[in-house]
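*Asks:* Below: sequence and its predicted model.
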Number of protein chains: 2
Amino acid sequence: MFYDLKLNDTKPVYLQIKDYIKSMILSGMLQKDIKLPSTRELSSILNVSRNTVIEAYKYLEDEGFVYTVRGRGFYVSNVEINRQDEWNFNWSSEFNSYAKLSEELDIVKSEPVWKRGMISFKSIAPDNSYFDVEEVKKAFLNRMALEGDKLLNYGYAKGYKPLIEYLMKYMEGKGVAKEGKDILITNGFTEAFDILLSSLTNSGDKIICENPTHNTAIKIMKLHGLNIEGVELDDDGINLEKLKNKITKDTKLAYLIPSYHNPTGIIMPPEKRIEVFNIFKEYNVPIIEDGFNEELRYSGSHVAPIAALCGKGNGVIYIGSFSKVLFPGLRIGWIMADKDLISVLESVKRSRNIHTSFIDQAILFEYLNGGNFEKYIKRVRKIYKEKYECAVKCAKKYIPNKKILGEGGLHIFLELSDEIDTRDVLSECMKKGVIFMPGDIFYTDGRGKNTLRLGFSRNSIEDIEKGFKIIGNVVKNMNMEVTK
Amino acid sequence: MFYDLKLNDTKPVYLQIKDYIKSMILSGMLQKDIKLPSTRELSSILNVSRNTVIEAYKYLEDEGFVYTVRGRGFYVSNVEINRQDEWNFNWSSEFNSYAKLSEELDIVKSEPVWKRGMISFKSIAPDNSYFDVEEVKKAFLNRMALEGDKLLNYGYAKGYKPLIEYLMKYMEGKGVAKEGKDILITNGFTEAFDILLSSLTNSGDKIICENPTHNTAIKIMKLHGLNIEGVELDDDGINLEKLKNKITKDTKLAYLIPSYHNPTGIIMPPEKRIEVFNIFKEYNVPIIEDGFNEELRYSGSHVAPIAALCGKGNGVIYIGSFSKVLFPGLRIGWIMADKDLISVLESVKRSRNIHTSFIDQAILFEYLNGGNFEKYIKRVRKIYKEKYECAVKCAKKYIPNKKILGEGGLHIFLELSDEIDTRDVLSECMKKGVIFMPGDIFYTDGRGKNTLRLGFSRNSIEDIEKGFKIIGNVVKNMNMEVTK
């Protein structure tokens, strides 16, 4: 049976020999107290050095699969597995309502799948090819040289201290006062929002948000059983009259995306932020502010987040993340909020997963502290701005629409004429090799059937033009059918 | 005011200038339309190159804090923050019962804190100084060279494919059949267990576990509102008669640690694993098996996990983690279970935090695939075995006890005479510079007041002897008082 072992170069040869013999033992092919071939014999059979076989045997002994008899050789240990009768448990009936809803709301399992050759406007993830991989490597090596052994051991639930301090200053640079505040590092925005709702809400609580809004946020609010009150948007953000009509003293929380609102791309202007802030303050309903892609401003002055208006007050919780624009693979976000609130969230974070990867946090800290983020943003802003302008131009030119929204970021949002269902547009487009995100997933109340989000971050200028033309033609054909 | 800027060497100088001016603008010290000093002027004030100042001004412009007037210089943009009246929200009354319980059960906030100079037996984390930092660096650089840009972008909720495939084979090497199974990568054991209970249980459900058991598991079970039925242990693991008395058809799940049981260190022998398996199978109560530190066997044959007895059946869920022995800072664990179950858990994982860090997963895969884990384990096993033997010897010699438990791993567990409360022992020991983990936190029913866990992984042989002597003397004094 040792002749059957085919060696390859995917991993060290001694490990391949070790694993092969292990599998022979586990399958019962090599039984208890059988003597293994001598190291000399096996090295000649496999045509490898004797040391390689010795290495393999030593590891087998180490893992308890073989034992040695002095001067006689290696023997198989007593490791047979007494497999019992098969036990087939019916898992499908065991899931609770949370798990069932998680699966039902998991659009990744239902949305159109990209196939090679397709033009996809589905994603708003950044384009890999602009990542500073070299700077990330340097950041990693610097930190590992300084404190590699510590980073590989347990860290703290609140996060990596140098990163927390960096982010405190970073938030100050946005105008947010740090007095009385603290930061918790999370695995991206998703975990930050989930931990907040897990800690502050009960099923049935009322939460106010923009309508449309970030689909992942809708999913998380639904998973917490919240009563979601979506408030319609004007071209400059949430409609204030409608907000006043919906807000009540017993509204538990609000979730807002004032900058590069997902999916519409609207930036709420400074004056409106003040009005919004004061309405929520009047009703004493805390705001969870999603600082989504705030960094991707293509023109104009700095706009301070709503959290900055609050000064030393604690009514606004800010969720930040570099994942969306910098490196989504490093799952890092943060919550900046009242320090007593953060202290409780820290305990919740610890009970969920102890802490976020310290390697990721250390890499991000070192990368940021070296000024690489500013350099990166400056560079990609130019590239994405060009794509953005192309997208707006092509949407106007090719796709019949009622409205084009989006003032920056990595996507635009289109409203088509009321008769059009963008799910039908999508089905037709898929046949022609183009996919995008139907807008209805961003609505809290099933509306938005005539809307779509077009992410352009990972497409070339040529593909944006080509893809939008295809979408436009499909829409034109549908318009014709509708008017027939 | 520019004379006040003190430069240091913690980060690039242009960033320090940029951040200083930003803070002046945000604080209102530099108002809208004020002209900044010329680059020549500021470079002379700060004694830095003119290019450095130009760089700083360019980034300020880029971030929307200043604007340029051609031929005239840089001016402050309109970025004042209209701070509103302070809004002080009372967060303390807003937490739900889950958050309150999380904080209450967070022993990190209540347990004795290590201070410099103390000998601590509290931790069972591995000793940093044995980590192969160099091999981790190599693993990182290899993966980054191959696919750095991909690793930094979004990954998949289920996990990094090469790592999943590696772990499938790894589990086969423990005798677990892969047919009909799949793997979900999680942020360590804690997240794995939390996601399982979140998906499968409802408040009030009955769960069976060993008593004592892993304190984090108790916390998570309590946070899910489960009805915890702890079953007492014999010296070879769970007592079968008591198990039969407690198990019922409506028991929802079981949680077991058959190898190096935490906190007792007991290894359940193969014959007993079969009996346990068959009892749970008879009642059709699925087992969650915690493969805790299975790799730290110091002698004897390989013992297959309970999951291996199940063959192609699906009644056992296995949670694995290298975090506990390899690198806790890389938050990586896995669930191996029925593939339809994993599919639902994948949706839950996605709704919680999208996915576990792909950098961590890629580093771990590359490190494992190169055979480094075997080498590391072989090396540290020798070191930890010596410490383990010293700990057992010193415990026998110095600490009056009823029972010493622990057959390997990184800790031993002591039962003292019934009259002793180890919390009192701890208070006395702290005064003498020694801390450990009182055993009551591992009990599901408030018992174990006369027990303690002694982790020795990070202590020298000398400190084990010294520390145990101190504990022993405190216990002896208490015994004397008791018998007075």
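*Replies:* Yes, it's here.
*Asks:* State the mean pLDDT of stretch A:133-152.
*Replies:* The pLDDT scores in stretch A:133-152 average 94.
*Asks:* hmm, that stretch touching chain B?
*Replies:* Yes. Counting by C-beta under 8 Å from any C-beta of the partner chain, chain B is contacted by stretch A:133-152 at A:V133, A:V136, A:K137, A:F140, A:L141, A:M144, A:G148, A:D149, A:K150, A:L151, A:L152. Yep, even glycine has a C-beta here, placed from its N, CA and C like the rest.
*Asks:* Send me that stretch as CSV with only the CA atoms.
*Replies:* Provided in CSV are the C-alpha atoms of stretch A:133-152 (Å, rounded to 0.1, in the frame of the first residue of the first chain):
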residue,chain,number,x,y,z
VAL,A,133,-0.3,46.1,-1.1
GLU,A,134,3.4,47.1,-0.6
GLU,A,135,2.5,49.6,2.1
VAL,A,136,0.3,47.0,3.9
LYS,A,137,3.2,44.6,3.9
LYS,A,138,5.5,47.2,5.3
ALA,A,139,2.9,48.1,8.0
PHE,A,140,2.6,44.5,8.9
LEU,A,141,6.4,43.9,9.1
ASN,A,142,7.0,47.1,11.2
ARG,A,143,4.4,46.1,13.8
MET,A,144,5.5,42.4,13.9
ALA,A,145,9.1,43.5,14.4
LEU,A,146,8.0,45.7,17.3
GLU,A,147,5.5,43.5,19.1
GLY,A,148,4.7,40.4,17.0
ASP,A,149,4.5,38.0,19.9
LYS,A,150,2.1,40.3,21.7
LEU,A,151,-0.1,40.8,18.7
LEU,A,152,-0.5,37.0,18.3
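*Asks:* and the stretch 151-300 of chain A, which of its residues are near chain B?
*Replies:* Contact residues, the stretch 151-300 of chain A versus chain B (C-beta under 8 Å from any C-beta): A:151-155, A:157, A:169, A:172-173, A:175, A:186-188, A:190-191, A:194, A:198-202, A:219-220, A:223, A:270, A:274, A:277-278, A:281, A:284, A:286, A:297, A:300.
*Asks:* Out of those, which sit inside strands?
*Replies:* Mapping those onto strands (DSSP state E) picks out A:T186.
*Asks:* Now a ChimeraX select for only the buried ones of the residues of the stretch 151-300 of chain A next to chain B.
*Replies:* Listed next is the ChimeraX selection for buried residues among these, using 16 or more other C-beta atoms under 10 Å in any protein chain shown:
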select /A:151,152,153,154,155,157,172,173,175,186,187,188,190,191,194,198,199,200,201,219,220,223,270,274,277,281,286,297
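*Asks:* Which of the residues of the stretch 151-300 of chain A next to chain B fall in helices?
*Replies:* A:151, A:169, A:172, A:188, A:190-191, A:194, A:198-200, A:219-220, A:223, A:270, A:274, A:277-278, A:281 (DSSP state H).
*Asks:* which ones are touching the closest residue in space to A:K246 that isn't next to it in sequence?
*Replies:* Spatial nearest neighbour of A:K246, excluding adjacent residues (C-beta to C-beta, 6 or more residues apart in numbering or on different chains): A:E229 at 4.9 Å. Remark: with contacts taken as C-beta atoms under 8 Å, 6 or more residues apart in numbering or on different chains, A:E229 is in contact with A:K206, A:I207, A:I208, A:C209, A:K246, A:T251, A:T444.
*Asks:* ok, now A:S203?
*Replies:* Listed by C-beta under 8 Å, 6+ apart, the contact set of A:S203 reads A:H224, A:G225, A:L226.
*Asks:* What distance separates the opening and closing residues of stretch A:366-377?
*Replies:* Start-to-end span of stretch A:366-377 (C-alpha to C-alpha, to the nearest Å) is 16 Å.
*Asks:* Which residues does it contact?
*Replies:* A:130, A:132, A:135-136, A:138-140, A:142-143, A:162-163, A:166, A:170, A:295-296, A:322, A:325-326, B:10-12, B:14-15, B:18, B:59, B:62-63.
*Asks:* and what of stretch A:24-43?
*Replies:* Stretch A:24-43 has contacts (C-beta under 8 Å, 6+ apart) with A:1-2, A:17, A:21, A:45, A:49-50, A:52-54, A:57, A:65-66, A:72-81, B:172-173, B:175, B:304.
*Asks:* Sort out which of the residues you listed are in strands and list them.
*Replies:* Among the contacts of stretch A:24-43, the members falling in strands (DSSP E) are A:V66, A:G73, A:F74, A:Y75, A:V76.
*Asks:* Any quick ChimeraX command for the buried ones out of these?
*Replies:* The buried residues among these can be selected in ChimeraX (16+ other C-beta under 10 Å) with this line:
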select /A:66,74,75,76
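*Asks:* Could you find which two of the ones in strands among the contacts of stretch A:24-43 are furthest from each other?
*Replies:* A:G73 and A:V76 (11.1 Å; C-beta to C-beta).
*Asks:* Next, see if stretch A:317-331 gets close to chain B.
*Replies:* Yes. Using C-beta under 8 Å from any C-beta, stretch A:317-331 comes into contact with chain B via A:F327, A:P328, A:G329, A:L330, A:R331.
*Asks:* chain center to that stretch, what's the gap?
*Replies:* 8 Å (C-alpha atoms, centre = their mean, to the nearest Å).
*Asks:* Regarding that stretch, how distant is the last residue from the first?
*Replies:* Start-to-end, stretch A:317-331 (C-alpha to C-alpha) is 20 Å.
*Asks:* now do stretch A:409-424
*Replies:* So stretch A:409-424: terminal residues 27 Å apart, C-alpha to C-alpha.
*Asks:* tell me the mean pLDDT for it?
*Replies:* 95.
*Asks:* One more: stretch A:455-471?
*Replies:* In the prediction, stretch A:455-471 has an average pLDDT of 97.
*Asks:* Stretch A:432-445 now?
*Replies:* 97.
*Asks:* What of stretch A:250-260?
*Replies:* Computed over stretch A:250-260, the mean pLDDT rounds to 96.
*Asks:* Span of that stretch from start to end?
*Replies:* Using C-alpha to C-alpha, the two ends of stretch A:250-260 sit 29 Å apart.
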